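K.L.:
Take this sequence and fold it.
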Amino acid sequence: MLVVGRKPGEYIVINENIIVKVVKTEDGNLRLAIEAPQHVPIMRGELIPHQ
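P.N.:
Numbering: from 1, shown residues only. Predicted coordinates:
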């Protein structure tokens, strides 16, 4: 696992085609904006059954 610190507006790139950007909302919460090809599935962790 890679742990990186990012500020709002900064991003990381995974495998040259997936961008994960930190977005700050007006109420001060941080959100992630994920840009990936349509064939790449993206799911929230709480929706994946634990093994």
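
K.L.:
what's the closest non-adjacent residue to Arg6?
P.N.:
Distance criterion C-beta to C-beta, 6 or more residues apart in numbering; nearest residue to Arg6, sequence neighbours excluded, is Val22 at 4.6 Å. Any C-beta I mention is one placed from the backbone N, CA and C, and that applies to glycine too.

K.L.:
so that neighbour makes contact with Pro8?
P.N.:
Yes: shown here, Val22 and Pro8 form a contact pair, counting by C-beta atoms under 8 Å, at 5.3 Å.

K.L.:
In contact with the residue nearest to Arg6, which residues?
P.N.:
6-11, 30-33 (C-beta atoms under 8 Å, 6 or more residues apart in numbering).

K.L.:
Glu10 too?
P.N.:
21-22.

K.L.:
Quick check: pLDDT value at it.
P.N.:
We note a pLDDT of 94 for Glu10 in this prediction.

K.L.:
Can you tell me the SS state at Glu46?
P.N.:
Assigned by DSSP: H, G, I helix; E, B strand; the rest coil, the conformation of Glu46 is helix.
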